[in-house]
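*Asks:* no FASTA, just this:
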């Protein structure tokens, strides 16, 4: 089936909100004499509740941690850094070309709808999306397929006619479970991780032709979802 819609992840795909969060939590760990590794942090990428840094710190320290206090160190610095982040390379151009090709476009993110909507509006690209789906809308976030299936429903497009753009392994698993094709666009954090069989991997969305991407993925047979 020909691709009729493109569904974008948000964190790490449209805006690099992932690197600043990892770096700020890493600094909080260092102030307490410990190291936060990507091997652990990867379980938090593209999902919600995959890794609890406060609980992990408590285990390392062997005593209760003032989680509210630690978060008060991390979150304001994190949000301030996000405010300085530009759109990731190629995002605006890919969106513009998708619209010119009359493709439906949506966002499916394990973050809250308010978080995603706020940044899309701040960067002036919210009108380029037909729908935005976040964790408020579903019972299960990625790697479950719910967010992508909801986006397809709101876009009025069959799952097998959707192309997902993702940076995280959890997101790629979710796309596959939804029966959708997936292009992996790993970022500074996720390019070091094992990617669960995307249809195509590109280093960046910069200088990417949507038409060329569609040709490549449409030539690839749609794989069965995991466990089927």
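*Replies:* Done, it's in. What you see is a predicted model, and the numbers here were worked out from it, not measured in a lab. Numbering: from 1, shown residues only.

*Asks:* quick one: what helix or strand has the residue nearest to residue 64 when sequence neighbours are not counted in it?
*Replies:* Distances taken as CB to CB, 6 or more residues apart in numbering place residue 58 nearest to residue 64, at 6.2 Å, with adjacent residues excluded. No exception for glycine: its C-beta is placed from N, CA and C like everyone else's. Using DSSP states H and E, residue 58 sits within helix 53-61.

*Asks:* What are the buried residues along that helix?
*Replies:* Of the residues in helix 53-61, 53-54, 56-57 count as buried by neighbour count, 16 or more other CB atoms under 10 Å.

*Asks:* what's the answer for stretch 61-71, then?
*Replies:* Using 16+ other CB under 10 Å as the test for burial, stretch 61-71 gives 65, 70.

*Asks:* got the contact list for it?
*Replies:* Residues from elsewhere that reach stretch 61-71 (CB atoms under 8 Å, 6 or more residues apart in numbering): 28, 32, 34, 53-54, 57-58.

*Asks:* how does it look with 6 Å?
*Replies:* Here stretch 61-71 makes contact (CB atoms under 6 Å, 6 or more residues apart in numbering) with 28, 54, 57-58.

*Asks:* Also stretch 119-131?
*Replies:* Residues from elsewhere that reach stretch 119-131, judged by CB under 6 Å, 6+ apart: 15, 87, 95, 104-107, 154-155.

*Asks:* Show the end-to-end separation of it, please.
*Replies:* Start-to-end span of stretch 119-131 (CA to CA, to the nearest Å) is 14 Å.

*Asks:* on that earlier part again, report the mean confidence score over the helix holding residue 58.
*Replies:* Across helix 53-61, pLDDT averages out at 95.

*Asks:* Please apply the same query to stretch 192-203.
*Replies:* The pLDDT scores in stretch 192-203 average 93.

*Asks:* what angle sits between the lengthiest helix in the chain and helix 53-61?
*Replies:* As assigned by DSSP state H, the longest helix anywhere in the chain is helix 67-82. Using axes from the mean of the first three to the mean of the last three CA atoms, to 10 degrees, the inter-axis angle of helix 67-82 relative to helix 53-61 is 120 degrees.

*Asks:* Check what contacts the helix or strand just after helix 67-82 and list those residues.
*Replies:* Note on helix 67-82: by DSSP H and E, the next helix or strand toward the C-terminus is helix 91-100. By CB under 6 Å, 6+ apart, the residues outside helix 91-100 that reach it are 6, 14, 105, 128, 205, 210.

*Asks:* Narrow these to those in helices?
*Replies:* residue 210.

*Asks:* Dump the contacts of helix 91-100 into TSV; add distance to residue 78 and neighbour count as well.
*Replies:* As requested, these are exported to TSV (distance: CB to CB, whole Å; neighbours: other CB atoms under 10 Å):
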residue	distance to residue 78	neighbour count
6	28	26
14	17	26
105	27	19
128	26	16
205	24	23
210	32	21
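
*Asks:* Turn the contacts of helix 91-100 into CSV, columns for distance to residue 173.
*Replies:* Below are the contacts of helix 91-100 laid out as CSV (distance: CB to CB, whole Å):
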residue, distance to residue 173
6, 19
14, 20
105, 22
128, 26
205, 21
210, 24
